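1. pasting a predicted model and its sequence here:
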Amino acid sequence: MLWFLLCTGLLVAGYFSYGKFIERLFGPRPELDTPAITMADGVDYVPMSDKKIYLVQLLNIAGLGPIFGPILGALYGPVAMLWIVFGCIFAGAVHDYFSGMLSVRAKGASIPTVVGEQLGSAAKHFMNIFAVILLLLVGVVFVLGPAKLLGNLSGMTVTIWVAIIFGYYILATLVPIDKIIGRFYPLFGALLVFMSVGLLLGQAFSGKGFYQTGIDFANLHPEGLPLWPLLFITIACGAVSGFHATQSPLMARCMQNERSGRFIFYGAMIGEGIIALIWCSLGLSFYESTDALNATLANGGPAAVVHEVSTSLLGTVGGILAILGVVILPITSGDTAFRSARLIVAEFLKLGQQALPKRLLIAVPMFVLGYLITQAEFGVIWRYFGWANQTTAMIMLWAAAAYLAKEGKLHWVCTLPAIFMTAVTFTYLANAEIGFGLSLQPASYIGLAVTLVFTVAFLLRFRPAKGATAQGESA
């Protein structure tokens, strides 16, 4: 339990210390009217309160990633919790803050436009395609995951639940953001709090505690899978996630003051990190060993772990409520994934979205394509989602670093995590079966070589003018 509390304390301390430093570095300007005020349209640009936006942002970004990912990451042992803590503070929350605040400064623009403003038109065109693919993968993953959990609870087939969830997605994607998302998602936040606190108390009173058998930072994966780079792909949303860069602009269109950015964007990522810590801790402490956890995963995947842990710790009724909390997370992320995809396509086509027929023109083909993707094997979809997710985070971090460099500010707060994520994503692509399938050593060399090229190119392109750095850092 002390290990879990220490990790949680570090996350909270990171919000009040490093988060404040990042905020000062960016320099919010509360005197400026935000896009929610200057571009209010009653559909996507709708002013909302900070507390409501925070809960919506948390639910938007906290899909299956901070649950399924940390459960799978627990196979590696307690070292997984270190990645959640330090990845969240120094990479994930920084990524989320800049993706949200740069969108605010760009009139609520989506991630391709934000990236294009900092890295050029070629990066913008690439991100237009890549972000839509990622969002479709996210939407599909966040249909299949909750459909399997609901199928286990109800006895209804997964196919029926897929159809029901898709029906809800269509509705939530098309209606104004304050009608469903802004009205009901804060209530869902209460269920999320119940799930988290309930499972914590249930585990504490079970007598097992949180990994009281000792802290071993060795790789404990029962199948011997390497930490590098797999752990940093497996645990994405609880540490750093490119999907968040597609969600932050949704709330950037609703935020009324730039000073709210740290609470909404950096703070929501810290909240998601705590959720990830809870599930990683449960994976480590509920089962006797990583072999026992792996056996459950082999029989039913992370959904089986969620069902077994929730019902065992909280009883039948409490377990059902906890599972419903887990179900709500991906559903409330899946609908906003499709909503973000609609807005990205609309920006690219310069097609206004105030009229319903224009929203349908984009949404209908998008949902048809999403349904076709659901016919593929879930494990394959999840691996592609994991790589695309972290690659998007890498690109967004480079864009944020470029912004800081051009402003003459300390760009290394974004450059260093961008360098790390570049090495992770290219090593994984070279090593994984969905990529080039090379052995780990040459794959690592390729990842490091590509990272070196990216880093040198960045430093040459965004070399600050004399005196600019000192001026930016003193601002």
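-> Yep, that arrived.

2. hey, where'd the strands end up in this structure?
-> For the chain, strands defined by DSSP state E do not occur.

3. ok, longest helix in it?
-> helix 290-349 (DSSP state H).

4. quick check: mean pLDDT of that helix?
-> Per-residue pLDDT over helix 290-349 has a mean of 80.

5. repeat that for stretch 20-27.
-> Averaged across stretch 20-27, the pLDDT comes to 97.

6. list the buried residues in it.
-> Neighbour counts over stretch 20-27 (16 or more other CB atoms under 10 Å) mark Ile22, Glu23, Leu25, Phe26 as buried. Where you see a C-beta, it was placed from the backbone N, CA and C, and this is true even at glycine.

7. tell me how many other residues crowd the nearest residue to Val143 once chain neighbours are set aside.
-> Closest residue in space to Val143, ignoring its immediate chain neighbours: Ile165 at 5.1 Å, by CB to CB, 6 or more residues apart in numbering. For Ile165, the neighbour count with other CB atoms under 10 Å is 23.

8. right, and Ile165 touches Val141 too?
-> No. Using CB atoms under 8 Å, Ile165 is not in contact with Val141; the gap is 11.8 Å.

9. what's the overlap in contacts for these two?
-> Jointly contacting Ile165 and Val141 under the rule CB atoms under 8 Å, 6 or more residues apart in numbering are Gly334.

10. not counting its neighbours along the chain, what's nearest Pro302?
-> Residue nearest to Pro302 in three dimensions, not counting chain neighbours: Phe68, with 4.0 Å by CB to CB, 6+ apart.

11. so what's the residue count around that neighbour?
-> With other CB under 10 Å as criterion, Phe68 counts 27.

12. do the same with Ile133
-> Ile133, neighbours per other CB under 10 Å, totals 15.

13. per-residue pLDDT, the residue lying closest to it once chain neighbours are set aside?
-> Once flanking residues are discounted, Ile133 sits nearest to Ala388: 6.5 Å by CB to CB, 6+ apart. At Ala388, the pLDDT value in this model is 88.

14. and the buried residues of stretch 20-27, which is closest to Asn128?
-> Lowest distance from Asn128 to those (CB to CB) belongs to Phe26, with 25.2 Å.

15. now the closest one: how far from Val94?
-> The spacing between Phe26 and Val94, counted by CB to CB, to the nearest Å, is 10 Å.

16. repeat that for Gly139.
-> Between Gly139 and Val94 the computed distance is 26 Å (CB to CB).

17. please apply the same query to Ala346.
-> For Ala346, the distance to Val94 - CB to CB - is 28 Å.

18. before we move on, the earlier item: quick one: contacts for the residue nearest to Val143?
-> Contacts of Ile165 by CB under 8 Å, 6+ apart are Val143, Pro146, Ala147, Ile331, Gly334.

19. farthest-separated two in the residues you listed?
-> Greatest spacing in the contacts of Ile165, by CB to CB: Ala147 and Gly334 (10.5 Å).

20. so which of these two has more stuff around it?
-> Neighbours per residue (other CB under 10 Å) separate Ala147 from Gly334, with Gly334 holding more: 30 against 26.

21. OK, contacts around that one?
-> Gly63, Val138, Gly139, Val141, Phe142, Val143, Pro146, Ile165, Tyr169.

22. before we move on, what about Leu75?
-> Leu75 neighbours (CB under 8 Å, 6+ apart): Leu220, His221, Pro222, Glu223, Leu225, Gly283, Thr290, Leu293, Asn294, Leu297.

23. just the closest of those to Ala74, please.
-> Looking across these and measuring by CB to CB, the closest to Ala74 is Gly283, at 3.0 Å.

24. ok, and the closest non-adjacent residue to the closest one?
-> Per CB to CB, 6+ apart, closest to Gly283 is Ala74, 3.0 Å.

25. ok, now Leu230?
-> Excluding its sequence neighbours, the residue lying closest to Leu230 (CB to CB, 6+ apart) is Tyr428, at 7.4 Å.

26. per-residue pLDDT, that neighbour?
-> According to the prediction, Tyr428 has pLDDT 95.

27. what sits against Tyr169?
-> Counted by CB under 8 Å, 6+ apart, Tyr169 has contacts Gly139, Val143, Gly334, Asp335, Phe338, Phe367.

28. sorry, wrong one. I was asking about Ala423.
-> Neighbours of Ala423 in contact, by CB under 8 Å, 6+ apart: Pro229, Gly447, Leu448, Val450, Thr451.

29. now, which of the residues you listed lie within helices?
-> Judged by DSSP H, these include Gly447, Leu448, Val450, Thr451 as members of helices.

30. among the residues you listed, which one is most surrounded by other residues?
-> Gly447 (23 neighbours).

31. quick one: contacts for that one?
-> Listed by CB under 8 Å, 6+ apart, the contact partners of Gly447 are Pro229, Thr422, Ala423, Val424, Thr425, Phe426, Thr427, Tyr428, Ala430.

32. and for Gly151?
-> The contact partners of Gly151, by CB under 8 Å, 6+ apart, come to Thr157, Val158, Trp161.

33. repeat that with 10 Å
-> Counting by CB atoms under 10 Å, 6 or more residues apart in numbering, Gly151 touches Thr157, Val158, Thr159, Ile160, Trp161, Val162, Ala303.

34. next one: Phe232
-> 73, 83, 87, 91, 239-240, 386, 390, 420-421, 423-425, 427-428.

35. number of nearby residues for the nearest residue to Gly87 once chain neighbours are set aside?
-> Nearest non-adjacent residue to Gly87, counting by CB to CB, 6+ apart: Ala239, 3.1 Å away. Residue neighbour count, defined by other CB under 10 Å, stands at 33 for Ala239.

36. Tyr45 too?
-> 21.

37. next, give phi and psi for it.
-> Dihedral angles of Tyr45 (phi, psi; degrees, to the nearest 10) stand at phi -100, psi 90.

38. one more: the one 4 residues further on?
-> Comment: the main-chain dihedrals of Ser49 come out as phi -70, psi 160, following degrees, to the nearest 10.

39. residues near it, how many?
-> Neighbours of Ser49 (other CB under 10 Å): 14.

40. just among the contacts of Gly151, which is most surrounded?
-> Top of those by neighbour count (other CB under 10 Å): Ala303, with 26 neighbours.

41. could you check how far it is from Leu150?
-> Separation of Ala303 from Leu150 (CB to CB) stands at 10 Å.

42. repeat that for Met421.
-> For Met421, the distance to Leu150 (CB to CB) stands at 34 Å.

43. looking at the two, which is more packed in?
-> More neighbours surround Met421 than the other of Met421 and Leu150, with 27 against 22 (other CB under 10 Å).

44. show me the contacts for Thr455.
-> Trp398, Thr415, Leu416, Ala418, Ile419, Thr422, Ala423.

45. what's Gly120 sitting at in phi/psi?
-> phi 110, psi 170.

46. that one and Ile395 touch, don't they?
-> No. Judged on CB atoms under 10 Å, Gly120 makes no contact with Ile395 at a distance of 12.0 Å.

47. which one's more surrounded, the two?
-> With neighbours defined as other CB under 10 Å, Gly120 and Ile395 compare such that Ile395 has more, 25 against 13.
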